[in-house]
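K.L.:
below are the sequence and a predicted model; questions follow.
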Amino acid sequence: MTHATIRIIREEHAALSAMLRSILLLLAQHRRQGTLPDFAALRAMLFYVDEFPEKRHHRKETELLFPKLRARTPLSRDMLDHLDGDHASGERSIRDLEHALLGFEMMGEPRRQAFEEAAERYVSFYLAHMAMEEQQILPLAEQVLTADDWADLDEAFSANRDPLTGHEPEADYRALFTRIVNMVPAPIGLGAASR
């Protein structure tokens, strides 16, 4: 039986993965064409990463899922400490990437390579982080958590409303998500044709 929490975490990871990979694809496309990227689209995409995964998704993993795992088994403690460290440094990492983007936008071509390298590092880090959660933490959770644990987690994670997983955006975020979907070309994976 797949618990709602596991389904939601995997859906949110898939949406985030698509967003992160789209950033790299956009950058590669513009590098090949010798053009500057759409900075507004990149800012909107990074803002999404900061607002949803960093502030909402990670918080629930760190404050709800991970403590339940620590209470049920000592096997996960080192991994959970590592993942919590990733979560703690995530806000700083996204700010650094947003700053590198601003540098590229304001200073132009001389800052392209620094931003692209920072984006590649960030995406690689994030994809590895999500892979560890999906390949090691979620299977362990399925083995050791109780029905009561899952009931608490399912209730909390079911309140998530990430628009990139098919939910109607909250009123405050509706314009942001409309902007992202309309700015990112469909072949990259987030445009209207991909839905």
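P.N.:
Received it, and whenever you're ready, just let me know what you need.

K.L.:
who are the packing partners of the strand or helix carrying His82?
P.N.:
In this structure, His82 sits in helix 77-107 according to DSSP states H and E. If you count contacts as 3 or more Cβ pairs under 8 Å, 6 or more residues apart in numbering; DSSP states H and E, helix 77-107 packs onto helix 39-49, helix 58-60, helix 66-72, helix 112-132. (Each C-beta comes from the backbone N, C-alpha and C, glycine too.)

K.L.:
just give the closest residue to Val123, not the sequence neighbours.
P.N.:
Leu20 (4.5 Å; Cβ to Cβ, 6 or more residues apart in numbering).

K.L.:
which ones are touching that neighbour?
P.N.:
Applying Cβ atoms under 8 Å, 6 or more residues apart in numbering, we find Leu20 in contact with Val49, Tyr122, Val123, Tyr126, Leu127.

K.L.:
the first one: neighbouring residues, count only.
P.N.:
Going back to what we said before, that points to Val49. 22 (other Cβ atoms under 10 Å).

K.L.:
which ones are touching it?
P.N.:
Taking Cβ under 8 Å, 6+ apart as the test, what Val49 contacts is Leu16, Met19, Leu20, Ile94.

K.L.:
so where's this protein shaky on pLDDT?
P.N.:
For the chain, the stretches flagged by pLDDT under 70 are 1, 169-171, 183-195.

K.L.:
go with 50
P.N.:
187-195 (pLDDT under 50).

K.L.:
sorry, back to before: from the contacts of Val49, which land in helices?
P.N.:
Leu16, Met19, Leu20, Ile94 (DSSP state H).

K.L.:
emit the ChimeraX select command for whichever of these are buried.
P.N.:
Typed into ChimeraX, the line below selects the buried ones among these, using 16 or more other Cβ atoms under 10 Å:
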select :16,19,20,94
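
K.L.:
quick one: which of the ones in helices among the contacts of Val49 is nearest Phe115?
P.N.:
Nearest to Phe115, judged by Cβ to Cβ, of the ones in helices among the contacts of Val49 is Ile94 at 13.4 Å.

K.L.:
I'd assumed Leu46 was in contact with that closest one.
P.N.:
Yes - using Cβ atoms under 8 Å, Ile94 is in contact with Leu46, at 6.6 Å.

K.L.:
adding distance to Glu12, write the helices and strands packed on helix 77-107 out as JSON lines.
P.N.:
What follows is those, written out as JSON lines (distance: least, Cβ to Cβ, whole Å):
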{"stretch": "helix 39-49", "distance to Glu12": "11"}
{"stretch": "helix 58-60", "distance to Glu12": "10"}
{"stretch": "helix 66-72", "distance to Glu12": "16"}
{"stretch": "helix 112-132", "distance to Glu12": "9"}
